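*Asks:* fold the following, please.
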Amino acid sequence: MSTEPDTHALQDHAPSDPVLPDADAYLARIGAGRPVRADAAALRELHVRHLRSVPFENLSIHLGEDIVLDEKALIGKVVGGRRGGFCYEINTTFAVLLRELGYRVSLLQARVIDEEGRLGIPYDHMALLVETADGERWLADVGFGDHSHYPLAFDERGDQEDPGGCFRVQEAADGDLDVLRDGKPQYRLEPRPRELADFTAGAWYHRTSPDSHFPRSLVCSLLTEDGRVTLSGRKLVTRVDGERVERLLEEERDEEVLGLYRDLFGIVLDALPVAPEGDPETAGPDALDPLSGIPNSDPR
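*Replies:* Predicted coordinates:
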């Protein structure tokens, strides 16, 4: 059974050996200036800039790279390596940045809800509870693909309009909270604060299990000012002002695909990720398991 979040459990500590020695480098990574105050307006700006700069991607799984839930390692990947990641990675680094800027942040575990209303595994997804300098509480999530562009008011139970849709945070069983988009449940949050190590099993599952879509398909997706761009294997999907265009890239044109990773997502690769065995390189988000952490990454 879940309990209401303890405000004092929100993490705002400043370690003697800082995880983020250069917050300005992270801010430059997302094209943002340092906020004057850790308030809601600054949080909104940081949130949308992060979504437009740091892609949701699972390339490490298909490049043979290890994924370690360690704050310093993840900061090195996202800021130094100019990569993205899945929810455990990019929500963690965003939390580190927000704490450095004066916000109080807790990691929350969530279970993704599929089309039939079934819950995914525990620690299926990570989201963030953020408290501003004014004591306002917000649900931030830069790691769920095509989702809200801005943080959601954590304590608001009515509709919340956002460029990504109409969202609602509503009460669920045992003190949990369901996050809905356009009336459809997205995931169930447990409001008890968690530690990063708690998500290790969920991250391992999504890296290795055949029941997770991550080992079975390639995805790299980024919000843009006028829509979204997604590259899944050799399928490029763009949405501009609501118009969806899909293009299939030729198999022999690896350099073109590498160029798209570089030009559209800022990711420089020496070689293409290896397509999942038995899954054509053209496999894309249309085939993704709804129990993934990114059910809406392919714009419709």
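*Asks:* now the helices for this structure?
*Replies:* 23-29, 40-53, 59-63, 71-75, 87-100, 200-208, 254-265 (DSSP state H).
*Asks:* and Gly158, which of those is closest to it?
*Replies:* helix 40-53 (17.1 Å; Cβ to Cβ). Quick note: C-beta positions are derived from backbone N, CA and C, even for glycine.
*Asks:* ok, the residue nearest the centre of the chain to Glu161 distance?
*Replies:* When Cα atoms, centre = their mean is applied to the chain, the residue found nearest the centroid is Gly143 (0.7 Å). Applying Cβ to Cβ, to the nearest Å, the value for Gly143 to Glu161 is 22 Å.
*Asks:* cool, and Asp254?
*Replies:* 42 Å.
*Asks:* the more surrounded of these two?
*Replies:* Comparing Asp254 with Glu161 by other Cβ atoms under 10 Å, the one with more neighbours is Asp254, at 13 against 10.
*Asks:* touching, that one and Pro273? I think so.
*Replies:* No. Counting by Cβ atoms under 8 Å, Asp254 stays clear of Pro273, with 11.1 Å between them.
*Asks:* hmm, back to that, please identify which of the helices of the chain is closest to Ser217.
*Replies:* That would be helix 59-63 among the helices of the chain, by Cβ to Cβ, at 9.1 Å.
*Asks:* figure out how far the closest one is from the centre of its chain.
*Replies:* Distance of helix 59-63 from the chain centroid (Cα atoms, centre = their mean, to the nearest Å) equals 16 Å.
*Asks:* max-length strand in the protein?
*Replies:* When the chain is parsed with DSSP state E, its longest strand is strand 184-194.
*Asks:* mind listing what's buried in it?
*Replies:* Pro185, Gln186, Tyr187, Arg188, Leu189, Glu190, Pro191, Arg192, Pro193 (16 or more other Cβ atoms under 10 Å).
*Asks:* report the angle between that strand and helix 87-100.
*Replies:* When axes from the mean of the first three to the mean of the last three Cα atoms, to 10 degrees is applied, the directions of strand 184-194 and helix 87-100 differ by 60 degrees.
*Asks:* CA atoms of strand 184-194 as CSV?
*Replies:* What follows is strand 184-194, C-alpha atoms only, in CSV (Å, rounded to 0.1, in the frame of the first residue of the first chain):
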residue,chain,number,x,y,z
LYS,A,184,-6.5,7.0,-21.4
PRO,A,185,-4.4,5.7,-18.4
GLN,A,186,-0.7,6.0,-19.1
TYR,A,187,0.9,4.8,-15.9
ARG,A,188,0.2,4.3,-12.2
LEU,A,189,2.4,6.2,-9.8
GLU,A,190,3.3,5.1,-6.2
PRO,A,191,4.0,8.4,-4.4
ARG,A,192,6.5,7.0,-2.0
PRO,A,193,10.0,8.4,-2.7
ARG,A,194,12.5,5.9,-4.0
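*Asks:* what about it, average pLDDT?
*Replies:* Taken as a whole, strand 184-194 carries a mean pLDDT of 98.
*Asks:* from the contact counts, what lies against it?
*Replies:* Other helices and strands packing on strand 184-194, by 3 or more Cβ pairs under 8 Å, 6 or more residues apart in numbering; DSSP states H and E, are strand 104-112, strand 125-131, strand 177-181.
*Asks:* can you name every helix or strand that the first one contacts?
*Replies:* Taking 3+ Cβ pairs under 8 Å, 6+ apart as the contact definition, the neighbouring helices and strands of strand 104-112 are helix 87-100, strand 125-131, strand 184-194.
*Asks:* quick one: mean pLDDT over it.
*Replies:* 98.
*Asks:* that strand to helix 87-100, inter-axis angle?
*Replies:* Interaxial angle of strand 104-112 relative to helix 87-100 (the same axes, to 10 degrees): 160 degrees.
*Asks:* how far out from the middle of the chain is strand 104-112?
*Replies:* In terms of Cα atoms, centre = their mean, the centre of strand 104-112 is found 12 Å from the chain centre.
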